[in-house]
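K.L.:
structural data only, the sequence is not supplied:
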């Protein structure tokens, strides 16, 4: 990171300024360096072409990568490709793995995930209306998707699409996931969405129309009606990876804040000598440490008792980590004054990115509702009637 990533962040932005939606040369160069060093696909277990790290072992590495917007891709550890690779590794057929997983693992192509829809509240995935209808040896796909992150990248070649295959089935057996090559007739990118004005090129977030798109039956993942099963398997690691990166983002913001306040003078003394600034620094350090410990606990539980048993901890950290990162970033922005909201530091764009994580992979409110249900369920014992108060 010190030798290759941080020194090239400016070059990355310069390349994007020349051509927004063209993959940058610097990323491709650094990917070759990282792969040569064996720092590649760090998130996958050994039986899925990874290094064999546990979630707990991966956490500090993911945190460090989270300090830089460009770093995860350098090590082939960026979303949504990580989640899509895990889906293909876990649920894909041999043919699907050969066609799509192999080039993703090599960093030769990219992918996107099409689940959310503009016409319905997609935080409740049972609302999804896109259809996947079998017609002989093909599926016919229709629907409008948005926030398909990564679809703007010229290297994006395949979409994992979630839609209904059986509207009459039980609520969580109606949905399926199918692989759709992005160049299939009927797939049309309508527009690229911005996040607080940032386009996140060359990655981007797309609104995509699927109009009578036909794909072979062999493109179905795992089987009809198993979309929610796949989604749950995909979201656990994806959610905690976001949290790990948030911790790194918050750490860098705090470091930047501390550097700034020791070099700026206001009202006759350094900002670092102001009581309110010192309180902000202390609060930031305490909150980061708490968030990191909860992240590590969730990772440890995923490793030892499984994702399902760790679902409460995953939900808790998914709420906590982005909110902590946002608070620390906000304090750092405040300490930087006008510079903090400009393009002269990473803080403004980092705040915009972190703010989306209170919505991505489920909004705070959904996770908090689940946490409350689990907590109440744990304590749901018959009331004593022996006269105790």
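P.N.:
Received, thanks. All of these numbers come straight from a predicted model, not from anything done at the bench. Numbering: from 1, shown residues only.
K.L.:
give the buried residues for stretch 352-364.
P.N.:
Neighbour counts over stretch 352-364 (16 or more other CB atoms under 10 Å) mark 352-364 as buried. Backbone N, C-alpha and C define where each C-beta goes, glycine included.
K.L.:
of those residues, closest to residue 240?
P.N.:
residue 361 (9.8 Å; CB to CB).
K.L.:
for the closest one, which non-adjacent residue is spatially closest?
P.N.:
residue 239 (4.9 Å; CB to CB, 6 or more residues apart in numbering).
K.L.:
how about the contacts made by that neighbour?
P.N.:
314, 315, 317, 318, 361, 362 (CB atoms under 8 Å, 6 or more residues apart in numbering).
K.L.:
redo the buried residues of stretch 352-364 as JSON lines? Include pLDDT and distance to residue 127.
P.N.:
JSON lines is the format used below for those (pLDDT from 0 to 100; distance: CB to CB, whole Å):
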{"residue": "352", "pLDDT": "97", "distance to residue 127": "27"}
{"residue": "353", "pLDDT": "96", "distance to residue 127": "26"}
{"residue": "354", "pLDDT": "97", "distance to residue 127": "26"}
{"residue": "355", "pLDDT": "98", "distance to residue 127": "23"}
{"residue": "356", "pLDDT": "96", "distance to residue 127": "20"}
{"residue": "357", "pLDDT": "96", "distance to residue 127": "21"}
{"residue": "358", "pLDDT": "97", "distance to residue 127": "20"}
{"residue": "359", "pLDDT": "95", "distance to residue 127": "15"}
{"residue": "360", "pLDDT": "93", "distance to residue 127": "17"}
{"residue": "361", "pLDDT": "90", "distance to residue 127": "16"}
{"residue": "362", "pLDDT": "91", "distance to residue 127": "13"}
{"residue": "363", "pLDDT": "96", "distance to residue 127": "14"}
{"residue": "364", "pLDDT": "97", "distance to residue 127": "18"}
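K.L.:
tell me which of the residues you listed fall in helices.
P.N.:
If you go by DSSP state H, those have 352, 353, 354, 355, 356, 364 in helices.
K.L.:
need the phi and psi values for the closest residue to the fifth one other than its chain neighbours.
P.N.:
So that's residue 356. When the adjacent residues along the chain are set aside, residue 356 lies closest to residue 195, with 5.5 Å between them (CB to CB, 6+ apart). Backbone torsions for residue 195, taken as degrees, to the nearest 10, come to phi -120, psi 100.
K.L.:
assign residue 28 to helix, strand or coil.
P.N.:
helix (DSSP: H, G, I helix; E, B strand; the rest coil).
K.L.:
what's around it, how many residues?
P.N.:
Residues within reach of residue 28, counting by other CB atoms under 10 Å, total 13.
K.L.:
got a pLDDT number for it?
P.N.:
Note for residue 28: predicted pLDDT of 97.
K.L.:
wait, which of the buried residues of stretch 352-364 is closest to residue 299?
P.N.:
residue 361 (15.9 Å).
K.L.:
how about low-confidence regions in the chain?
P.N.:
The model of the chain has pLDDT under 70 over residues 46-49, 381-389.
K.L.:
hang on, residue 53 in a strand?
P.N.:
No: per three-state DSSP, residue 53 lies outside any strand segment and is coil.
K.L.:
what's the distance between it and residue 190?
P.N.:
Going from residue 53 to residue 190 by CB to CB, to the nearest Å gives 39 Å.
K.L.:
higher neighbour count, those two?
P.N.:
Counted by other CB under 10 Å, residue 53 and residue 190 do not tie: residue 53 has more neighbours, with 18 against 13.
K.L.:
wait, the more buried one touches residue 40, no?
P.N.:
No: shown here, residue 53 and residue 40 do not form a contact pair, counting by CB atoms under 8 Å, at 11.8 Å.
K.L.:
ranges for the helices of the stretch 101-250 of the chain?
P.N.:
For the stretch 101-250 of the chain, applying DSSP state H, counting those that start in this stretch gives helices covering 102-105, 227-261.
K.L.:
among those helices, which is nearest residue 2?
P.N.:
Nearest to residue 2, of the helices of the stretch 101-250 of the chain and by CB to CB, is helix 227-261 at 12.7 Å.
K.L.:
beyond the closest one, next helix or strand please.
P.N.:
strand 265-266 (DSSP states H and E).
K.L.:
what about stretch 43-53, start to end distance?
P.N.:
7 Å (CA to CA, to the nearest Å).
K.L.:
then stretch 148-166?
P.N.:
23 Å.
K.L.:
report the contact partners of the residue nearest to residue 356.
P.N.:
205, 352, 353, 355, 356.
K.L.:
show me the two of the residues you listed that sit farthest apart.
P.N.:
Among the contacts of residue 195, 205 and 355 lie farthest apart (CB to CB), at 13.6 Å.
K.L.:
using TSV, please lay out the buried residues of stretch 352-364 together with distance to residue 68.
P.N.:
Listed next are the buried residues of stretch 352-364 as TSV, based on distance: CB to CB, whole Å:
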residue	distance to residue 68
352	16
353	12
354	14
355	18
356	17
357	16
358	21
359	22
360	19
361	21
362	25
363	26
364	25
